[in-house]
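**Student:** I would like the atomic coordinates for the input below:
(2 chains)
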Amino acid sequence: MIANLVLIFIAAAITHNFVLTYFLGICPFIGVSRKIEQAVGMGLATTFVMTLAATVTWAIYHFILIRFNLPFLQYASFIIVIASLVQIVEMFIKKVSPPLYRALGIYLPLITTNCAILGLTLFMVLREYTFLEGLIFGLGAGAGFTLALVIMAGIREELECCDIPKPLRGAGITLIIAGLLALSFMGFGGLISK
Amino acid sequence: MDKTIIISIASMAGLGLFFASVLALVNQKLKVKEDPRVEEIANTLPGVNCGACGFTNCHEYAEALVKNETQADLCRAGGEEVIKRLSAILGVEVTEKVKEIAIVHCGADASRRKKKANYSGIKTCQAVHNTFGGETLCSYGCLGYGDCMKACPFGAITMVKGLPVIDKNKCTACGKCVTSCPREIITVDKIESEKFAYVACNNLDKGPEAGKTCPVACIACGLCQKLTDGVFHVENNLAQVKYDKIKDIENVKEVASKCPTKCIYSF
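**Tutor:** Below is the predicted model:
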């Protein structure tokens, strides 16, 4: 049981990382990975939304959608859940840390449309996770997202001092790095099946 | 079939209502009161976050202004225009400021700069300066790698023949270039009158030594001091100017042209 939970966590965080193996949530991955502090803030906000979204959508799916035989409503209802959670996070950050709120800017409300989160809830339903498994899955996915963001931000901070060939500056080198990172994460792929 | 439609509508409406009420509750708990003037001031400020006002960014300066913790005339980047608009928003009087500008105290372009070594490393002034004091023979003058140009948030600095040239109209005297220069050859000074002159040299070596190092160095001959009755004065082997007294000199251009190494610039 516990071994299973650990496996789900590690799979979501590392071997099947949402950003670097499923390529979900690339927008904030590229957009908010300039500074480590911002990346950590974004990662934590997304982790919070992911974990809560996983639990709340699990409850909605099993107690409402399945019971009344309405699984076709899963997309609409999941989006409602995610959007409200993001709103709460937004208010919370605005209250607690205005500088972080301004630094994250448009990317904070954009967590709503972050496909990593909708993907997470849909995967959870598809793989028929139990409530506890879903919770761990959300935590793991959030941790993986934060990890990817922080690694990327660390590399990009170092990159500021590098002599990059002119045509590759900006988006070019960022995408190349993202690709290399994805390759290295995919190296873990065979470790856990699923 | 009908039942499914009704149930789905009801459940979605229920979910929507539930989350709406949760949001309303949270909103009440976490409401942040923000003075609308903060946003207005932040939009008035140039938004380049240069830090010349002493705050980390424009938004923090705006917040401090609204809280009445600071003066409204600190924004150098925006100039008079912004200061006027700020004082209108805040309802305070602000006295007019004297125009300030960044001045480069070195006149040795790449062709006149003598080298003591060949450098091939990281191409920033800071790195060059940290490597055995730089490649130039003069240990006071411009290195020419353009740290100041990169630091300028307004694009007022261009590197011409390895020397920074400051665009007087674009320069806002924010002082970013002053701190970016490892050799401290840039200063921000007040221009009080039409006439203006400055010494384009930073070399504190004794006259003959400075002369050997650089063809356009100040050799501390003291001619300008004699010609201007002390407005120019030699201190630490380098001519200095009392900027507030330049208006007393009759012909600034003539003084500049008499300098034997032509290191006095005037406009």
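**Student:** measure how far the longest helix anywhere in chain A is from the centre of its chain, please.
**Tutor:** Under DSSP state H, the helix in chain A containing the largest number of residues is helix A:131-159. Using C-alpha atoms, centre = their mean, to the nearest Å, we find the averaged C-alpha position of helix A:131-159 to lie 6 Å away from the chain's own average C-alpha position.
**Student:** I'd like to know which elements that helix is packed against.
**Tutor:** Taking 3 or more C-beta pairs under 8 Å, 6 or more residues apart in numbering or on different chains; DSSP states H and E as the contact definition, the neighbouring helices and strands of helix A:131-159 are helix A:2-10, helix A:26-31, helix A:36-60, helix A:115-126, helix A:171-186. Every residue, glycine included, has its C-beta placed from N, CA and C.
**Student:** what is the subsequent helix or strand relative to the third one?
**Tutor:** Next in sequence after helix A:36-60, counting helices and strands by DSSP states H and E, comes helix A:74-96.
**Student:** mind listing what's buried along the helix or strand following that following helix?
**Tutor:** Downstream of helix A:74-96, the next assigned helix or strand under DSSP H and E is helix A:98-104. Using 16 or more other C-beta atoms under 10 Å in any protein chain shown as the test for burial, helix A:98-104 gives A:100, A:101, A:103, A:104.
**Student:** spatially central residue for chain A, please.
**Tutor:** residue A:145 (4.3 Å; C-alpha atoms, centre = their mean).
**Student:** measure the nearest residue to that residue once chain neighbours are set aside to residue A:113 for me?
**Tutor:** Setting aside the residues directly before and after it, residue A:145 is nearest to residue A:46 in space (C-beta to C-beta, 6 or more residues apart in numbering or on different chains), at 5.2 Å. When C-beta to C-beta, to the nearest Å is applied, the distance between residue A:46 and residue A:113 equals 12 Å.
**Student:** the two: who's more crowded?
**Tutor:** More neighbours sit around residue A:46 than around the other of residue A:46 and residue A:113, counting by other C-beta atoms under 10 Å in any protein chain shown; the figures are 28 against 14.
**Student:** surely the more buried one is in contact with residue A:112?
**Tutor:** No - distance between residue A:46 and residue A:112: 11.1 Å, which falls outside the contact criterion (C-beta atoms under 8 Å).
**Student:** quick one, what contacts the spatially closest residue to residue B:76 that is not a sequence neighbour?
**Tutor:** Take residue B:76 and drop its neighbours on the chain: the residue closest to it by C-beta to C-beta, 6+ apart is residue B:52, 4.4 Å away. Contact criterion C-beta atoms under 8 Å, 6 or more residues apart in numbering or on different chains gives B:74, B:75, B:76, B:77, B:172, B:173, B:174, B:175, B:176 as the residues in contact with residue B:52.
**Student:** ramachandran coordinates for residue B:52?
**Tutor:** Torsion angles at residue B:52 (phi, psi; degrees, to the nearest 10) stand at phi -70, psi -20.
**Student:** likewise residue B:198?
**Tutor:** phi -150, psi 160.
**Student:** which stretches of chain B have low pLDDT?
**Tutor:** Within chain B, the segments meeting pLDDT under 70 span B:1, B:93-97.
**Student:** got the residues of it near chain A?
**Tutor:** Applying C-beta under 8 Å from any C-beta of the partner chain, we find that chain B lies next to chain A at B:4, B:7-8, B:11-12, B:15-16, B:19-20, B:22-23, B:26-27, B:30-32, B:59, B:122-123.
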